[in-house]
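**Student:** need a 3D model of the sequence below.
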Amino acid sequence: MRFPNRISGIKFAGLLAIIILVVSTLGCTSSGSDNNNSSSSPDAEVIPPTPESNKNNSSPGPDAEVIPPTPEANITFVTTGSSFSPIITVTGNPEIQWVFGDGSTSDSASPAVNFASKGKRANTLVVTPWSAVTKINIGYDGSDGGVSPGPGTIENLEQQNVITVTGLENVAPYLQVWASSYNPIVELDFSDFTALHTIECFSCASLATIRLNNVPSLTRLCLENCKISYLDLSEAPALADLRGASQRSSTYTINWGTTGANIWHVCIGANPQMTGPLPSTQFPVLKDFFVWKGNQNGTLHLTSTSLKKVRAYENHYSAAVLSGCFPAGRRAVVQIYNNELTSLDISNDPGLIHLNASSNSLDQTAIDGILQTLDSYNTNGGYLDLSGNAVPSSAGIAHVNNLIARGWEVQNS
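**Tutor:** Next comes the predicted model:
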C-alpha cells in the first residue's frame, strides 16, 4: 500500500505553502516599513503630508469633487517707493496685521513705514474679519469733482507708488470706497464688489484694465487721465457720475449696456480715439454732458430736462436735437462749435442762455431760425456765437438787434 508516502507528500506541500506565505508577509511588511521611514536616510526626499482637503478628492474619476481655489490669505500691495503709508477704514474692532517689505509689522489702520530707499517691495495686509474693511485709500486729493478730503469722507493722501494689488477679492462683498489716485497701478479687478459705491483713480496714467462685473452699488467712477482702452459699464446699473476723459490708449470703447437711468454727469471728452456712438437718449436725468473732441458723429439727441451744460465741441455731429432740455430759468450752456452741423433744434428751450455753435455748416435758413427762436424767449444777458456759418438774412439781423438790446452778446460773422 502507498498511503504513507501520500501523507508525507501532503505534509510537505502544506509546509511549503506556509513558508511561502510567511516570506510574502515579511516582504509586504518590509515594504511598508521602508515607506514610513524613508526620511531616515539623510539623502531621502521628504514628501509633505497630503492636505486634508485633498485626501478625499485624489481620484481623477469623473465623479470626483472639484474644490475651487481659495482666495489669497492676504491683500498684497507691491510698491516701488521709499515709504508706504496706506489708510484703511474699518468698523468695529478687528485684528489688523501688516507685514511690510522690510519685515517690519504694524497693527494700525494708518501705518507708516520708511524703507530709506526706493525699491520693489511686497506689503501684505490681513484683517480679521475681512468684513470690517469699508475703505482702502492709497492716494486721493479730491480731484475732478471728488468729495473734499477729510476724516468723514476720503482722507487726503499722496500716492503710494503702488504698481500691483492682489487679493482684493477678500473684501469684495464689503468694500465701499477705493481710492488710488496718481498711483502707477496697471490693473484693477472689482468683480462682485457688491457694496462698492466709489472708485477714485484720477490720473492713474498706467491703469490699462479695470473690471466692473457685478457692481450694483457703484455710483461714482473716476478714471480721468488713465490708459483705459475698453470700459464695460453694463453691470453698473446705479452709476451716476462718470469721469473718463483723456485716456492715453490708442483706442477707447465704452460698453454701456442699459446703464444710464441714474447718470447725471458724463465726462468722456478729449478722446479723439473713441469708437462708437454714445447712447445719449439713455440718460433721463443728465445734467452735464461733456464729450468734447470725442470722435462723435451723426445726430446728438439729448432728452433730459435736467440739462445744464453741454460740451460737445470739436466732434463730427451733423445735427443736434436739444428741444425741451432747458426749461425757463435754467441759464444753460451749450458749446457745440467746430462740428459739421446742418441743423440745430433748440425749440422749447427758454433756459438756454449761452450758445456757441460757431464753425459749423448751418445755412442761412438754419441761422435765421436759431436767432428767431432765441429772440422769442425774451431773455436777457445771454451769449450767442454763430460765426463761421452762413450770414443771417435781414430778418435774422432784426432778431440779432433785439437780442443785443436785451444785453446779449452776439457774434454772427
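**Student:** so what's S85 up against?
**Tutor:** By Cβ atoms under 8 Å, 6 or more residues apart in numbering, the contact set of S85 is S110, P111, A112, V113, L157, Q160. (Each C-beta comes from the backbone N, C-alpha and C, glycine too.)
**Student:** pretty sure N348 contacts L322?
**Tutor:** No - the criterion here is Cβ atoms under 8 Å, and N348 misses it with L322 at 9.4 Å.
**Student:** the two - which one has more neighbours?
**Tutor:** Using other Cβ atoms under 10 Å as the criterion, N348 and L322 rank with L322 on top: 26 against 16.
**Student:** so how far is I367 from that one?
**Tutor:** Distance, L322 to I367, by Cβ to Cβ, to the nearest Å: 16 Å.
**Student:** about what we covered before: make TSV from the contacts of S85 and add pLDDT, secondary structure and neighbour count to it.
**Tutor:** Formatted as TSV, the contacts of S85 follow (pLDDT from 0 to 100; DSSP: H, G, I helix; E, B strand; the rest coil; neighbours: other Cβ atoms under 10 Å):
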residue	pLDDT	secondary structure	neighbour count
S110	98	coil	13
P111	98	coil	19
A112	98	coil	11
V113	98	strand	19
L157	98	strand	20
Q160	98	coil	23
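**Student:** out of these, which comes closest to V177?
**Tutor:** L157 (12.4 Å; Cβ to Cβ).
**Student:** which parts of the stretch 51-200 of the chain are strands?
**Tutor:** Assignment of strands within the stretch 51-200 of the chain using DSSP state E, counting those that start in this stretch yields the ranges 75-79, 83-84, 87-90, 95-99, 105-106, 113-114, 121-128, 133-137, 162-166, 177-179, 187-189, 198-200.
**Student:** what's the closest of those to S143?
**Tutor:** strand 198-200 (8.3 Å).
**Student:** which elements pack onto the closest one?
**Tutor:** Under the contact definition 3 or more Cβ pairs under 8 Å, 6 or more residues apart in numbering; DSSP states H and E, strand 198-200 sits against strand 177-179, strand 220-222.
**Student:** so for that strand, mean pLDDT?
**Tutor:** What strand 198-200 shows for mean pLDDT is 98.
**Student:** give me the residues contacting it.
**Tutor:** 140, 146, 154, 176-181, 190, 210, 218-223.
**Student:** the same query, at a cut-off of 10 Å, please.
**Tutor:** With Cβ atoms under 10 Å, 6 or more residues apart in numbering as the test, strand 198-200 has contacts from 135, 137, 139-144, 146-147, 153-154, 175-181, 188, 190, 193, 210, 212, 215, 217-224, 236, 241, 243.
**Student:** centre of the chain to that strand, how far?
**Tutor:** Centre-to-centre, strand 198-200 and its host chain are 8 Å apart (Cα atoms, centre = their mean, to the nearest Å).
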